[in-house]
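**Student:** turn this into a structure:
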Amino acid sequence: MWALIVVSVALLVWGFSVDFIPSAVDTLLRWAYIMVGIALFSVIVIGIIVAAGDNPKGLIKGAIGVVAIAAVVCVVYFASAGSPAVGLTVDQPEAGTLKLTDTVLNLTYLAGTLAVLAIIAGEVISAIRNK
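**Tutor:** Numbering: from 1, shown residues only. This is a model prediction of the structure:
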């Protein structure tokens, strides 16, 4: 853990010393991706190990949840148009990039809508129970 912190600080100091030239920014971004990957991997692996010890049946529910989320993402991906960006004055991104961008936007709209509906439903249920 300390080695990762030392490398992160060293890269940050190096970035400041070279005034964040494009190669420094690329290196820092790659290091950030690596750190996020390590963090996600650690959380997932430790979460699975703890869940297996505490409640093995919970793993099945978790797996069903992951499959359901993957199915929703796949449906949204295939439903996304991937149409060219309107009003973009530079070269258009590739078709795959446009499709992924539309997918993320549609997933954001879906998650926001579901969050608002959950808040409204929670308040309605709370009002009915407290009546």
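
**Student:** just checking, residue 15 touches residue 29?
**Tutor:** No - contact criterion Cβ atoms under 8 Å: residue 15 and residue 29 do not qualify, at 10.4 Å. C-beta here means a position set from N, CA and C on the backbone, and glycine is covered the same way.

**Student:** which residue ranges of this structure form helices?
**Tutor:** For the chain, the helices defined by DSSP state H cover 2-17, 22-54, 56-79, 95-129.

**Student:** could I get these as CSV with mean pLDDT and distance to residue 88?
**Tutor:** CSV is the format used below for these (pLDDT from 0 to 100; distance: least, Cβ to Cβ, whole Å):
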stretch, mean pLDDT, distance to residue 88
helix 2-17, 91, 30
helix 22-54, 89, 22
helix 56-79, 90, 22
helix 95-129, 94, 10
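
**Student:** of these, which approaches residue 85 most closely?
**Tutor:** helix 95-129 (7.1 Å; Cβ to Cβ).

**Student:** tell me what that closest one is packed against?
**Tutor:** The helices and strands touching helix 95-129, judged by 3 or more Cβ pairs under 8 Å, 6 or more residues apart in numbering; DSSP states H and E, are helix 56-79.

**Student:** could I have the helix it packs on exported to CSV, CA atoms only?
**Tutor:** What follows is helix 56-79, C-alpha atoms only, in CSV (Å, rounded to 0.1, in the frame of the first residue of the first chain):
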residue,chain,number,x,y,z
PRO,A,56,-23.2,-17.9,1.5
LYS,A,57,-26.8,-17.7,0.2
GLY,A,58,-26.3,-13.9,-0.2
LEU,A,59,-23.7,-14.7,-2.9
ILE,A,60,-26.5,-16.2,-5.0
LYS,A,61,-28.6,-13.1,-4.6
GLY,A,62,-25.7,-10.9,-5.4
ALA,A,63,-24.9,-13.0,-8.6
ILE,A,64,-28.6,-12.6,-9.6
GLY,A,65,-28.3,-8.9,-9.1
VAL,A,66,-25.2,-8.6,-11.2
VAL,A,67,-26.8,-10.7,-14.0
ALA,A,68,-29.9,-8.4,-13.9
ILE,A,69,-27.7,-5.3,-14.1
ALA,A,70,-25.7,-6.8,-17.0
ALA,A,71,-28.9,-7.6,-18.8
VAL,A,72,-30.2,-4.0,-18.4
VAL,A,73,-26.9,-2.6,-19.6
CYS,A,74,-27.0,-4.9,-22.7
VAL,A,75,-30.6,-3.9,-23.5
VAL,A,76,-29.7,-0.2,-23.1
TYR,A,77,-26.6,-0.7,-25.3
PHE,A,78,-28.5,-2.4,-28.1
ALA,A,79,-31.2,0.3,-27.9
